[in-house]
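Asks: 3D model of this:
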Amino acid sequence: MRYDIPYGDRKEYFEAPEGSVMFEGKMTSIPGIKDLEGTLISALESPIGAHPLKDLARDKKNIVFLVEDNTRSTPLQIIMPIITDYLNENGVPDSAMSFLTAPGTHRLMTNEEILEKLGAEMVRRFKVVQHDATVSEDMKDLGTVSAGDYKIPVHVNKYALGADLLVGIGNIVPHCDAGYSGGAKILQPGVCDFVTTSATHAAAGFCPDIPLGMADGNPCRMGMEEVAKIAGLAFIVNTVKNYEGEVAGIFAGDFIKAHREGVKLAKRSYSISVPEPADIVIVSSSPSDMDYWQACKGTTCAYFAVKKGGVVIFAAPCREGLAHNHPRFREWLSLPMDEILRRLLAASPEDVEADMVSAVLSVCNCRARDKAKIFCVSDGLTAEDLAAMQYKPFPTVQAALDEAMRLIPGATIGIIPKGGISLPVIENI
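Replies: Below is the predicted model:
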């Protein structure tokens, strides 16, 4: 039978033997919100665990909205005009509001990307400041916080700390370190430096398994939330989308309580049923296609759905290559698990050159490649990249599948079209 998965702006087609496909990565059908503006206003008026936004904003002179970069999919062009107009109607002038991008350790956005992300109206009406994790002068040291046994140095962008009302805007999807995106994650790593982000993410590296879909009891998420508390994140607005990319829910208010309510819907929306792990899992990195730093979410997702000793076929354009701002990523990716953990344990978050965040993502890569062979279809990753990751390159998904079927005759197959956001749920373990 003929199947396809997304590959950037096009599709990769392949033929699989009749009856071999166990699951196709279909998500639950959740309807989109019909009246987005009305639902959003209602969430601002009756938030979860917080006062209405209009009350929090009363008499404020410096309201700062933390907004994601172009690697995420919150519909800012749609929701930000509604939020800012709502505040206008409640006595807050445009001059009292501004935006701070929250890309974490990602690269800065271009002017064109900012325009596309926020929309022309928002860029015209409001000041937009970009957070750059590499500029230490932009950060303020707030001391340390504790998350379980982990001590986390807190270095936060001064522009965010200068706000008299700090509001985080985001979207909730499954995430391999934080359990889910959204909530406090817009502040940490959003507007922190490499030191703080290294400290929170290191906790995920020492988890017994990849904490995908685990919000509570996750030391990485716990660390992010402790940082957000000390930095004064006062209010969030988080969306949850359905498989078609429509907004299916809006959750506003306290950055923990509102987030956890949103997580409930996100789990329903992004879970895919896996009757049992398959011999071969074909996974697309979609929609996390920009570089491997984003695309590796696909291999993490497939890790949960493939049998030990099986094959993962990973299709990821990675048009911007391996990663930005992480020059040691390839080195970390080349190491075996025990060596990564040894070095990670010995490293200090203050040692920015160690690039501990890359180490944590490399732990995820190790778990996947230690469980299964990884065949890769990618136009953006170099031979050197693939050799470091120990991925075997193929020109097409079909070529990779043919080889996998040769290695495992009569293999069962699983397909995950949206590996960047899917949450596999194993029915029979």
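
Asks: alpha carbons only for contacts and neighbour counts from here, please
Replies: OK.

Asks: what average pLDDT does the helix or strand harbouring Arg343 get?
Replies: According to DSSP states H and E, Arg343 maps onto helix 337-346. Here helix 337-346 scores 92 as its mean pLDDT.

Asks: name the next helix or strand downstream of it, please.
Replies: Scanning forward in sequence from helix 337-346 by DSSP H and E, the next helix or strand is helix 356-371.

Asks: so which residues make contact with that following helix?
Replies: Residues outside helix 356-371 that contact it (C-alpha atoms under 8 Å, 6 or more residues apart in numbering) are 197-199, 201-202, 204-205, 210, 293, 296, 299-300, 302-303, 307-310, 326, 328-329, 332-333, 336-337, 340-341, 344, 347, 349, 389-390.

Asks: PyMOL command for the buried members of those residues?
Replies: Applying 16 or more other C-alpha atoms under 10 Å to those, the buried members can be selected in PyMOL as follows:
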select buried, resi 197+198+199+201+202+204+205+210+293+296+299+300+302+303+307+308+310+326+328+329+332+333+336+337+340+341+344+347+349+389+390
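
Asks: of the contacts of helix 356-371, which belong to helices?
Replies: Judged by DSSP state H, the subset of the contacts of helix 356-371 located in helices is 197-199, 201-202, 204-205, 293, 296, 299-300, 302-303, 329, 332-333, 337, 340-341, 344, 389.

Asks: show me the contacts for Ser29.
Replies: 242-243, 269.

Asks: just the angle between the lowest-mean-pLDDT helix or strand in the chain and helix 337-346, please?
Replies: Every helix and strand of the chain was ranked by mean pLDDT, DSSP states H and E. The lowest is helix 194-205, at a mean of 88. Taking axes from the mean of the first three to the mean of the last three C-alpha atoms, to 10 degrees, one finds helix 194-205 and helix 337-346 inclined to each other by 130 degrees.

Asks: which strands and helices sit next to helix 194-205?
Replies: For helix 194-205, the contact count by 3 or more C-alpha pairs under 8 Å, 6 or more residues apart in numbering; DSSP states H and E identifies strand 150-157, helix 219-231, helix 356-371 as packing neighbours.

Asks: out of those, which is closest to Asp55?
Replies: Comparing these against Asp55 with C-alpha to C-alpha, the closest turns out to be helix 219-231 (19.9 Å).

Asks: let me know the next secondary structure element after that closest one.
Replies: Read in the C-terminal direction, the helix or strand following helix 219-231 is strand 233-241, with elements assigned using DSSP H and E.

Asks: what strands line up against that next one, and which way round?
Replies: strand 165-171 (parallel), strand 247-253 (antiparallel) (DSSP bridges).

Asks: quick check: mean pLDDT across the first one?
Replies: Taken as a whole, strand 165-171 has a mean pLDDT of 97.

Asks: now that strand and helix 219-231, what's the angle there?
Replies: Using the same axes, to 10 degrees, strand 165-171 lies at 150 degrees relative to helix 219-231.

Asks: can you redo the helices and strands packed on helix 194-205 as TSV with distance to Leu108, mean pLDDT and mean neighbour count?
Replies: As requested, the helices and strands packed on helix 194-205 are arranged in TSV below (distance: least, C-alpha to C-alpha, whole Å; pLDDT from 0 to 100; neighbours: other C-alpha atoms under 10 Å):
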stretch	distance to Leu108	mean pLDDT	mean neighbour count
strand 150-157	15	93	23
helix 219-231	21	95	23
helix 356-371	18	92	24
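
Asks: columns distance to Leu76 on top of the ones you listed, output as CSV?
Replies: What follows is those, written out as CSV (distance: least, C-alpha to C-alpha, whole Å):
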stretch, distance to Leu76
strand 150-157, 21
helix 219-231, 21
helix 356-371, 27
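
Asks: nearest to Gly32, out of these?
Replies: helix 219-231 (27.8 Å).

Asks: and the closest one, what does it pack against?
Replies: Contacts defined by 3+ C-alpha pairs under 8 Å, 6+ apart place helix 219-231 against strand 139-147, strand 150-157, helix 194-205.

Asks: ok and the second one relative to strand 139-147, angle-wise?
Replies: The one in question is strand 150-157. Our comparison of strand 150-157 with strand 139-147, counting by the same axes, to 10 degrees, yields an angle of 150 degrees.

Asks: which positions in the next helix or strand after strand 150-157 come out as buried?
Replies: Beyond strand 150-157 on the C-terminal side, the first helix or strand identified by DSSP H and E is helix 158-161. With burial defined by 16+ other C-alpha under 10 Å, the residues of helix 158-161 counted as buried are 158-161.

Asks: give me the contact list for helix 158-161.
Replies: Applying C-alpha under 8 Å, 6+ apart, the contact partners of helix 158-161 are 64, 66, 100, 138-140, 166, 191, 231-232.

Asks: and if we set it to 7 Å?
Replies: 64, 138-140, 166, 231 (C-alpha atoms under 7 Å, 6 or more residues apart in numbering).

Asks: thanks a lot, catch you later.
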